[in-house]
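Engineer: Predicted model and sequence follow; I will ask about them next.
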Amino acid sequence: MNTVVTALPYFQERAERVASAINAEFIHYHSGLFSELYRTTQRIVAIMAIGIVIRNIAPLIHDKWTDPAVVVISPDMQYAIPVLGGHHGANDLVYLLQERCGLTPVITTATEATGREAVEVLANREHLRIVNTRSTRQANASVLTGSAKVYRLPGPGMVIAGSGVSFLVADGPYSVGIGCRLGTSADEIVHAIHSACETAGISQEDIAIYATGGIKTHESGLLDAVRTLGRNIIFLNHSDLSEVAPPSQSAASRFGLPGVAEPAALAVSVHHHLILEKQIYGNVTIAIAE
């Protein structure tokens, strides 16, 4: 995880000391630096007034799943304050600054500030990935009120749950969307997935989740294929599949859908970027997103 420490010229010596303590790179602060770092740096530490940092990053903020963690250290070297991405690395970073530099962490995320563990923190601790990231607002609200529970299902099995339930699966950078004709065999689907991974240049071990449309819940070949691969599949409803416009035309338009394989892969991905647009292998269509 790459980390950059920056500071105004008056605080350079302190910033270099902090960078050394947490194995980060020090870069002199200059106009436009945050724009340069924002898409390439996972964690940014700034020793300056918090207002300077906020004014710089405000136009750059996209979403908490892709934005970097940003921490401000007060110029008197007393406090470390997560400004952005508390649940996505910033809180962990201020605890590291506490341990290595003796700074006082100022935690403001509601779950941690009240002694509870957010969904994102649980996922990170157990090396899991949250499939339906939009669920975390409701799930964390339930954590705050004490009504949220954690259910561990070894599987195989199926889970039917409401919108406020977060699904955590074994972590991996890629998601695969699958479309198939009625009655397609498991062997044909597994072969199609293998071919798609080979075309995309990725390992099947790097796939965190498979996804398809809800209409496929009774496709035994599809269920057997995913079971054979030892992974999980999520069935998405029409509204989930319709949220993202895929780049390719699809025969699913006759069912009022923009597609199946590409929208499904994008819907359960983190960065919502296709690394393999849909490919047709006989009766199976595969798309891969990261």
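Structural biologist: Received the coordinates, thanks.
Engineer: only C-alpha atoms for contact and neighbour calcs from this point on.
Structural biologist: Noted.
Engineer: Quick one: the strands in the stretch 51-200 of the chain, in order.
Structural biologist: 69-73, 79-84, 104-105, 128-130, 168-170, 174-180 (DSSP state E, counting those that start in this stretch).
Engineer: Kindly reformat those as a markdown table and extend each row with mean pLDDT and mean neighbour count.
Structural biologist: As requested, the strands of the stretch 51-200 of the chain are arranged in a markdown table below (pLDDT from 0 to 100; neighbours: other CA atoms under 10 Å):
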| stretch | mean pLDDT | mean neighbour count |
| --- | --- | --- |
| strand 69-73 | 97 | 27 |
| strand 79-84 | 96 | 23 |
| strand 104-105 | 96 | 19 |
| strand 128-130 | 80 | 21 |
| strand 168-170 | 73 | 18 |
| strand 174-180 | 93 | 27 |
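Engineer: Just put those in JSON lines and tack on distance to residue 28.
Structural biologist: Shown next, in JSON lines, are these (distance: least, CA to CA, whole Å):
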{"stretch": "strand 69-73", "distance to residue 28": "15"}
{"stretch": "strand 79-84", "distance to residue 28": "19"}
{"stretch": "strand 104-105", "distance to residue 28": "24"}
{"stretch": "strand 128-130", "distance to residue 28": "35"}
{"stretch": "strand 168-170", "distance to residue 28": "39"}
{"stretch": "strand 174-180", "distance to residue 28": "36"}
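Engineer: Of those, which is nearest residue 146?
Structural biologist: strand 168-170 (19.2 Å; CA to CA).
Engineer: Contacts made by the closest one with the rest, please.
Structural biologist: 123, 127-131, 208-209, 232 (CA atoms under 8 Å, 6 or more residues apart in numbering).
Engineer: one more time with 10 Å, if that's ok
Structural biologist: The contact list for strand 168-170, computed with CA atoms under 10 Å, 6 or more residues apart in numbering, reads 119-120, 122-123, 126-133, 152, 206-209, 231-232.
Engineer: Work out the sheet partners of it and label each with its direction, please.
Structural biologist: Strand 168-170 has its sheet partners listed here by DSSP bridges as strand 128-130 (antiparallel).
Engineer: ok, and the closest non-adjacent residue to residue 216?
Structural biologist: Setting aside the residues directly before and after it, residue 216 is nearest to residue 235 in space (CA to CA, 6 or more residues apart in numbering), at 7.4 Å.
Engineer: Doesn't that neighbour belong to a strand?
Structural biologist: Yes - the assignment for residue 235 is a strand, going by DSSP: H, G, I helix; E, B strand; the rest coil.
Engineer: Was I right to think it contacts residue 219?
Structural biologist: No - with contact defined as CA atoms under 10 Å, residue 235 does not reach residue 219; the gap is 11.3 Å.
Engineer: Show me which of the two is the more surrounded one.
Structural biologist: residue 235 (19 against 16; other CA atoms under 10 Å).
Engineer: give the contact list for the more buried one.
Structural biologist: 158-160, 210-217, 241, 264.
Engineer: Can you convert those residues into TSV and add a column each for secondary structure?
Structural biologist: TSV is the format used below for these (three-state DSSP):
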residue	secondary structure
158	coil
159	coil
160	coil
210	strand
211	strand
212	strand
213	strand
214	helix
215	helix
216	helix
217	coil
241	helix
264	helix
